[in-house]
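# no letters, just coordinates:
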């Protein structure tokens, strides 16, 4: 069967193969292959690699612009609360002395840098009195409390061991939504 | 340069191709199901489906057991969190077909995927009081022979 797409792939592959054959020798190829195998074998023994593995797979993190202490920051499109970035934490981490609520509401925000929608987890930080700085309520996609899984009016600190004292909210990127 | 007839490299294209169209479709469906899980389920059931003891039921290592007892397949659609989710019937079918495999344990022999029409029929009769139904199902699951 004559398939034009396969013929094109054949031609491209042939050009690449011939180019590779002209510009390299088998000896140098095996030398480089050996080097990569060595690196691949030894790299997991490095402490940096093991520390990464211990944290498990990391979600694809987008390129970002903007000020995480500003309510206009792209990740905050569905937030309602005090920004942890103004309270001793960051856009994605709780301040010292507080505990992130494991249960949360999850929505999407569009990143202006690449135009893609990302899944954002709005985790509350709990266990200390309300931070009181950088109040931000944009509420995009939030629903009334009778649809609790997407409501940002709930105190999600109900799910922590630290008690229901709400301190601030983070916006953690879980991955691309599209 | 001496002209040389290059051997067909069609086989190489096959080797280099990482996914077939069917696999790509499966991958896209799995990603869509994961997105729906993230947006509609994991806020309470947590990213790994582990739930919270006494507050949110665990799905990890438990969900597919519901498919092994009478009424369990229907329950997974009719439980309020699924039945009232802001998802289409097709979305719910795709989500459940992905979720029962992702959460495990092993699927029962003869399992067939949820279909959109089936989900639509079951959602029309969702459970207003799932607690007693859930209790009976868990008792039936506990009584299954040779549970691991």
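Received, thanks. Bear in mind that the values here come from a model prediction, so they are computed numbers and not experimental data.
# how about the lengthiest helix in chain A: buried residues?
Assignment by DSSP state H gives helix A:4-23 as the longest helix of chain A. Buried positions in helix A:4-23, judged by neighbour count with 16 or more other Cβ atoms under 10 Å in any protein chain shown: A:9-10, A:13. C-beta here means a position set from N, CA and C on the backbone, and glycine is covered the same way.
# okay, domains of chain A per the record?
A:4-54, A:74-176 (automatic domain parsing).
# and the ones you listed, which is most packed in?
Ranked by mean neighbour count, the domains of chain A are led by domain A:74-176 with a mean of 19 (mean count of other Cβ atoms under 10 Å in any protein chain shown).
# avg pLDDT for that one?
In this model, domain A:74-176 has an average pLDDT of 87.
# again with stretch B:127-145
94.
# strands along chain A, start to end?
A:80-82, A:99-100, A:105-110, A:117-122, A:124-126, A:135-137, A:166-169, A:172-176 (DSSP state E).
# how about these, which one is nearest residue B:136?
Residue B:136 sits nearest to strand A:105-110 of all the strands of chain A, at 31.2 Å, using Cβ to Cβ.
# for stretch B:124-144, give me every contacting residue.
B:57, B:65-66, B:68-72, B:75, B:77-80, B:83-84, B:147 (Cβ atoms under 8 Å, 6 or more residues apart in numbering or on different chains).
# could you redo the last one with a cut-off of 6 Å?
If you take Cβ atoms under 6 Å, 6 or more residues apart in numbering or on different chains as the criterion, stretch B:124-144 is touched by B:65, B:68-69, B:72, B:75, B:78-79, B:83.
# among those residues, which two are most distant?
Top of the distance list for the contacts of stretch B:124-144 (Cβ to Cβ): B:68 and B:83, 21.0 Å.
# can you classify residue B:95 by secondary structure?
helix (DSSP: H, G, I helix; E, B strand; the rest coil).
# okay, now the unreliable bits of chain B?
B:1-21, B:146-148 (pLDDT under 70).
# quick one: the helices in it?
Under DSSP H, chain B gives helices at B:10-16, B:21-40, B:42-45, B:72-78, B:80-83, B:89-103, B:116-123, B:130-142.
# next, the buried residues of the longest one.
For helix B:21-40, the neighbour count (16+ other Cβ under 10 Å) marks B:32-40 as buried.
# is that helix anywhere near chain A?
Yes: residues of helix B:21-40 contacting chain A under Cβ under 6 Å from any Cβ of the partner chain: B:35, B:38-39.
# residue A:104: which of the residues you listed is nearest?
When these are compared against residue A:104 (criterion: Cβ to Cβ), the nearest one is residue B:38, at 10.7 Å.
# quick one: contacts for the nearest residue to that closest one once chain neighbours are set aside?
Nearest residue to residue B:38, sequence neighbours excluded (Cβ to Cβ, 6 or more residues apart in numbering or on different chains): residue A:119, at 4.9 Å. Residue A:119 makes contacts with A:108, A:174-175, A:177, B:38, as judged by Cβ under 6 Å, 6+ apart.
# list the contacts of residue 36.
In the absence of a named chain, this looks at chain A. Contacts of residue A:36 (Cβ under 6 Å, 6+ apart): none.
# oops, chain B please
B:91, B:95.
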